[in-house]
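> Structure for this input, please:
(chains A, B, C and D)
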Protein chains: 2
Amino acid sequence: MWQAMPDPSPASLQDHLGYWLRMVSNAVSHGFARQVEQEGVTVAEWVVLRVLFDATHLAPSVVAERMGMTRGAISRLADRLVDKKLVDRATDTADRRGQTLALTPAARALVPRLAALADGNDAEFFAVLTPAERMEFDRMCRKIAAARGLTGAPTA
Amino acid sequence: MWQAMPDPSPASLQDHLGYWLRMVSNAVSHGFARQVEQEGVTVAEWVVLRVLFDATHLAPSVVAERMGMTRGAISRLADRLVDKKLVDRATDTADRRGQTLALTPAARALVPRLAALADGNDAEFFAVLTPAERMEFDRMCRKIAAARGLTGAPTA
DNA sequence: TGGATTTAATTTCCTAGTCAACCAATATGT
DNA sequence: ACATATTGGTTGACTAGGAAATTAAATCCA
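Residues are numbered from 1 along each chain as shown, chains lettered A, B, ... in the order given. Just a heads-up that it's a prediction; the model follows:
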């Protein structure tokens, strides 16, 4: 089928796996962004809300670590979410440098709606895959994430 | 194994496939960004170079379409690449609104080095997958991309 | 031919990140 | 106990990209 070729040019762009991954990921995020903006939040804001949903309250630094963003970004993100009355910010009672972020009741009600949008968006984009493929895809994503310590859970 | 649960809370964040995809994609891009910055280019710049590599010259609008970015972004990206002496910009002879972007010889020499970095980065991140899994992952990415018209080739 | 429309690219304005400098509060070490 | 280092968070300067307005050229068509 294939003959050895002298001095091959670099693999076609399509052969860089990272390239396709970025294309697909960007498209999925983009699609999701369009969906959630109807609810008045950005993708990054959604992730913060979703992270906080599973905890009563969390330090900004922890949120930053789980999201893979800088503290500065979380600081501003928290500003916006406080403005939108979706997050309450309080100073930690024990260590007064510390802050703690928590969802407002409004946010707690909003998260399930956003989660449904996320699921719908996923369903739309991954519809071309068979159910078995979807499971495989998911499994491999997690496998890579786990290997790189991108667990979304505290590293310690 | 599983019992039906009344009023389940939204699927854990880990269950959103798009979430993991974004995590992995961001990590891969980030890793690659660190690698290519040694060569003095950004990831976006690399993609432009790589797209141009397979063509003698291309209109900015075509590059934008293939990369999934706006024309404005490509305009600025081209500015930077021209500054770096990696891209030549010329006005289309036939239609004087049109521009055409082409790699300089320096860029043409650089691209294979960058491609090697990309391949190395991919290898590093996807090392946890078996070769068979890597092929599957690649195939599924392309399948999704194709279904969404993210072919990297002209749509028409 | 000459005015309206379309098209290619650029530019302006805005948002959202990073990085690094910074401020405050807490630990540490002698 | 007190100066120093460390830690948690914020802020300022900067970069990259998107959306929409803008400019210039080409096409349409009466």
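
> Run a quick neighbour tally on the closest residue to residue A:137 other than its chain neighbours.
The spatially closest residue to residue A:137, leaving aside those adjacent along the chain, is residue B:140, at 5.3 Å (CB to CB, 6 or more residues apart in numbering or on different chains). From N, CA and C alone the C-beta is placed, and that goes for glycine too. By the criterion of other CB atoms under 10 Å in any protein chain shown, residue B:140 has 21 neighbours.

> So residue B:140 versus DNA strand C, what's the distance?
27 Å (CB to the nearest atom of the strand, to the nearest Å).

> Was I right to think that residue contacts residue A:138?
No. Taking CB atoms under 8 Å as the definition, residue B:140 is not a contact partner of residue A:138, at 10.6 Å.

> Report how many residues lie close to residue A:148.
With other CB under 10 Å as criterion, residue A:148 counts 16.

> Per-residue confidence at it, what does it come out as?
Listed pLDDT for residue A:148 reads 86.

> For it, which non-adjacent residue is closest in space?
residue B:27 is the one closest to residue A:148 (CB to CB, 6+ apart), at 5.5 Å.

> just checking, that neighbour touches residue A:147?
No. Contact criterion CB under 8 Å: residue B:27 and residue A:147 do not qualify, at 10.1 Å.

> that older thread, the residue nearest to residue A:137 is in what secondary structure piece?
Here residue B:140, judged by DSSP states H and E, is contained in helix B:131-147.

> relative to helix A:131-147, how tilted is that helix?
120 degrees (axes from the mean of the first three to the mean of the last three CA atoms, to 10 degrees).

> Can you name every helix or strand that helix B:131-147 contacts?
Other helices and strands packing on helix B:131-147, by 3 or more CB pairs under 8 Å, 6 or more residues apart in numbering or on different chains; DSSP states H and E, are helix A:17-36, helix A:131-147.

> Please list the residues of chain A that sit near DNA strand C.
A:42, A:44, A:68-73, A:76-77, A:80, A:95-97 (CB under 7 Å from any atom of the strand).

> repeat that for 10 Å
Counting by CB under 10 Å from any atom of the strand, the residues of chain A close to DNA strand C are A:33, A:37, A:41-48, A:64, A:67-77, A:79-80, A:91-98.

> Quick one, which of the residues you listed are buried?
A:41, A:43, A:44, A:45, A:46, A:47, A:48, A:64, A:67, A:69, A:74, A:77 (16 or more other CB atoms under 10 Å in any protein chain shown).

> so what's the residue nearest to residue A:137 up against?
Residue B:140 sits next to A:129, A:133, A:136, A:137 when contact means CB atoms under 8 Å, 6 or more residues apart in numbering or on different chains.

> ok, which stretches of chain A are strands?
Along chain A, the segments classed as strands by DSSP state E run A:87-91, A:99-103.

> looking at those strands, which is closest to residue B:114?
For those, the distance to residue B:114 is smallest for strand A:99-103, at 40.2 Å, taking CB to CB.

> mean confidence score for the closest one?
97.

> what is the orientation angle of it with strand A:87-91?
160 degrees.

> beta partners for residue A:102?
Residue A:102 has these beta-bridge partners by DSSP bridges: residue A:88.

> Surely it touches residue A:90?
Yes. Contact status for residue A:102 versus residue A:90: in contact at 7.3 Å, counting by CB under 8 Å.

> quick one, which of the two is more surrounded?
With neighbours defined as other CB under 10 Å, residue A:102 and residue A:90 compare such that residue A:102 has more, 15 against 11.

> With DNA strand D as the reference, measure out to the more buried one.
Distance from residue A:102 to DNA strand D, by CB to the nearest atom of the strand: 12 Å.
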